[in-house]
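In: sequence plus predicted model, see below.
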Amino acid sequence: MTTSAGTSAALGPLPKRVDVYEVGPRDGLQNELRTLPTVDKARLIEALLAAGERRIEVSSFVSPRWIPQLADAEKLLALLPRREGVTFTALVPNVRGLERAVAAGLGEAAVFLSVTEAHSKKNINKSVAEAVQAAKETASGARAAGMRVRCYLSTVWGCPYEGRVPVARVAEVVKRIADLGLYQLSLGDTIGIGTPNQTADIVGEVSKVIPLEQLALHLHDTRGTALANALVGLQLGVTTFDSSIGGLGGCPYAPGAAGNLATEDLVFMLHGMGVETGIDLQKLVEAGELAQELIGRKLSGKYLQAALGEREKQAARARAVAE
Ligand code: HMG
Ligand code: MG
């Protein structure tokens with residue numbers, strides 16, 4: 001780990017490069033009331049690719065009755081261009097979902113479970129023990145089909161039904177999934193309730209079981225602490241962060257969950273600190289603008305709104321000069 005050129009020594013050594021894992025087309029769109037046409041989803045993903053994003057969670061092979069917004073996963077994957085160095089992933093909840101994912105040519109599967117019983121029941125209609133079993137079966141089937149497997153752990157910082165979650169509980173569930181053959185474990189602050197001290201405790205405890213290089217942070221920004229939590233993760237050596245374009249997102253089975261950490265906000269902070277991502281911030285703004293246009297509302301991403309506001313001011317000045 002080298003200290004990056006743009007980084008103050010007071011922050012300690014930071015990773016030189018970070019992987020951004022885009023979840024907007026899945027975590028974002030699963031929560032929109034309006035279901036986007038498949039071609040519009042493909043346009044959004046193309047815009048993310050044009051910005052240099054290389055890991056994109058495009059949909060879910062879950063029950064269409066539970067998440068109708070993503071019922072077109074197969075159709076979408078058939079439309080997407082396959083490119084060298086680009087990985088498309090999707091949520092896969094069970095063996096039925098895996099069969100669909102394999103038939104659709106998915107390269108990487110994301111299994112998921114919660115650390116709290118109440119969220120687990122609401123989200124996938126299973127107890128945590130049943131969810132661990134389903135994740136095991138799905139992960140082993142996915143690996144046998146030649147896929148890499150990532151796992152999400154939800155409600156790590158807090159649960160909408162059970163409140164704050166003790167770190168010991170998180171560590172206990174992590175131990176139960178440590179033998180899943182995962183290449184990555186993404187820790188989810190599903191309802192965006194985490195604070196930086198808690199993040200340090202969680203990363204410290206989980207990294208005793210799963211190596212830091214295999215951890216990702218999936219931070220929702222409901223209470224404005226996502227970027228602060230990401231910074232703590234970065235300082236501790238985490239090198240993968242999930243984010244969504246413009247801050248799209250939430251969880252339909254976690255009331256009050258807002259969007260994910262906005263990809264542009266994350267990338268702006270990282271680049272300012274001299275941490276590389278391979279992503280073009282200006283093109284990300286264009287993708288964010290397209291996302292707003294497609295879903296028909298302003299998104300919460302701060303960098304996106306600042307950039308669009310600045311562009312509007314410049315255009316107004318140019319019009320004033322021309323008059
Ligand atoms: P269930 O109703 O208990 O399922 O749902 P079941 O196994 O009893 O099956 C019922 C019916 O669904 C059957 O059909 C199955 O074939 C069908 P029927 O015989 O009645 O016609 N079925 C499926 N169809 C298509 N694809 C499948 C599938 N599985 C069963 N994969 C189930 C259980 C897990 C399927 C359901 O609860 C489900 O799909 N839940 C997904 C909910 C979800 O996607 N939540 C949001 C994602 S999690 C999240 O956002 C958090 C995260 O972002 C991280 C964080 O922020 O913390 C990842
Ligand atoms: Mg999420």
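Out: Arrived safely, thanks for sending. Ligands and ions are numbered 1, 2, ... in the order given.

In: can you pull out the strands in the stretch 101-250 of the chain?
Out: Ranges of strands in the stretch 101-250 of the chain, per DSSP state E, counting those that start in this stretch, are 108-114, 148-154, 158-159, 163-164, 184-189, 215-219, 240-243.

In: buried deepest among those strands, which one?
Out: strand 240-243 (a mean of 27; mean count of other CB atoms under 10 Å). Where C-beta positions appear, they are placed from N, C-alpha and C, glycine not excepted.

In: in its sheet, what does it sit against?
Out: strand 19-22 (parallel), strand 215-219 (parallel) (DSSP bridges).

In: how far does the last one sit from the chain's center?
Out: Strand 215-219 sits 7 Å away from the centroid of its parent chain (CA atoms, centre = their mean, to the nearest Å).

In: just stretch 305-316 next, same as before
Out: So, by CA atoms, centre = their mean, the centroid of stretch 305-316 is 28 Å from its chain's centroid.

In: same question for stretch 25-34.
Out: With CA atoms, centre = their mean, you get 12 Å for stretch 25-34.

In: now do stretch 231-251
Out: Taking CA atoms, centre = their mean, the mean C-alpha location of stretch 231-251 is offset from the chain mean by 7 Å.

In: go on, stretch 37-50?
Out: 17 Å.

In: same deal with stretch 130-144?
Out: Relative to the centre of its chain, stretch 130-144 is centred 21 Å away, using CA atoms, centre = their mean.

In: for the residue lying closest to His119 once chain neighbours are set aside, give me the pLDDT.
Out: Take His119 and drop its neighbours on the chain: the residue closest to it by CB to CB, 6 or more residues apart in numbering is Thr155, 4.7 Å away. With respect to pLDDT, Thr155 has a value of 98.

In: what about Gln30, distance to Ala103?
Out: Distance, Gln30 to Ala103, by CB to CB, to the nearest Å: 21 Å.

In: more neighbours: these two, which one.
Out: Between Gln30 and Ala103, counting by other CB atoms under 10 Å, Gln30 is the more crowded of the two (24 against 11).

In: quickly list what whichever residue of the stretch 101-250 of the chain sits closest to ligand 1 is bridged to.
Out: Of all residues in the stretch 101-250 of the chain, Gly188 sits closest to ligand 1, at 2.4 Å by CB to the nearest ligand atom. Beta-bridge partners recorded for Gly188 (DSSP bridges): His218.

In: that one touches Ser154, doesn't it?
Out: Yes: with contact defined as CB atoms under 8 Å, Gly188 reaches Ser154; the gap is 4.4 Å.

In: Tyr303 and ligand 1, how far apart?
Out: 21 Å (CB to the nearest ligand atom, to the nearest Å).

In: pLDDT on stretch 301-309, on average?
Out: In the prediction, stretch 301-309 has an average pLDDT of 96.

In: buried ones in it?
Out: Neighbour counts over stretch 301-309 (16 or more other CB atoms under 10 Å) mark 301-305, 307-308 as buried.

In: of those, which belong to helices?
Out: Members of the buried residues of stretch 301-309 lying in helices (criterion: DSSP state H): 302-305, 307-308.

In: just give me the closest of those to Glu57.
Out: Leu304 (19.5 Å; CB to CB).

In: what about the residue nearest to that closest one when sequence neighbours are not counted, neighbour count?
Out: Excluding its sequence neighbours, the residue lying closest to Leu304 (CB to CB, 6+ apart) is Gly288, at 4.1 Å. By other CB under 10 Å, the residues close to Gly288 number 30.

In: if I look at Gly288, how far off is Ile245?
Out: Taken as CB to CB, the span from Gly288 to Ile245 is 5 Å.
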